[in-house]
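Trainee: sequence first, then the predicted structure, then my questions.
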Amino acid sequence: MLVQQSGVDEMPYTDPRQERPEHEIVMSKRETLSITGVRHVESFDNEEFLLETVQGYLSIKGKQLQMVNLDVERGHVSLKGRIDDLLYIDEPGPQETKGLFSKLFR
């Protein structure tokens, strides 16, 4: 949509903070997982991945987990292995941060 002012076509201003990138999770047979909207990979090992997504933190637990693809520019991560658990974690308040991460990584 173009906005016309003084005879000149202009694109309307959109606040980038209001635009939210797509976030999607596609799982196949609990063996492969494709995730978009990933901002940062916080930590990972063969039993747990912790990702910061545009919808909050996402914890993925399983067995023999491996990162197949990481595309930082597009915010895409692909995993394979035995997927047992997907859990979104809302951003904690300042006092809850230490407790939350210590519970995740016991």
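Mentor: Nice, I can see it.
Trainee: residue ranges of the helices in the protein, please?
Mentor: Counting by DSSP state H, the chain has helices at residues 97-104.
Trainee: pLDDT weak spots in it?
Mentor: Low-confidence segments of the chain (pLDDT under 70): 1-20, 91-106.
Trainee: so where do the strands sit in it?
Mentor: 3-5, 8-10, 24-28, 32-36, 38-44, 48-53, 56-71, 76-89 (DSSP state E).
Trainee: quick one: contacts for residue 67?
Mentor: Applying Cβ atoms under 8 Å, 6 or more residues apart in numbering, we find residue 67 in contact with 41, 44, 49, 77, 78, 79. Using the backbone N, CA and C atoms, a C-beta is placed for each residue, glycine as well.
Trainee: 7 Å - rerun?
Mentor: Counting by Cβ atoms under 7 Å, 6 or more residues apart in numbering, residue 67 touches 44, 77, 79.
Trainee: before we move on, what about residue 32?
Mentor: Contacts of residue 32 (Cβ under 7 Å, 6+ apart): residue 80.
Trainee: re earlier: can you pick the most crowded of the contacts of residue 67?
Mentor: residue 77 (24 neighbours; other Cβ atoms under 10 Å).
Trainee: from what I can see that residue touches residue 35, true?
Mentor: Yes. Counting by Cβ atoms under 7 Å, residue 77 does reach residue 35; the two are 4.9 Å apart.
Trainee: what is in contact with these two at once?
Mentor: With Cβ under 7 Å, 6+ apart as the test, residue 77 and residue 35 both reach residue 51.
Trainee: circling back: now, of the strands of the chain, which is deepest in the fold?
Mentor: strand 48-53 (a mean of 20; mean count of other Cβ atoms under 10 Å).
Trainee: how far off strand 24-28 does that strand point, in degrees?
Mentor: 150 degrees (axes from the mean of the first three to the mean of the last three Cα atoms, to 10 degrees).
Trainee: good, we can wrap up now.
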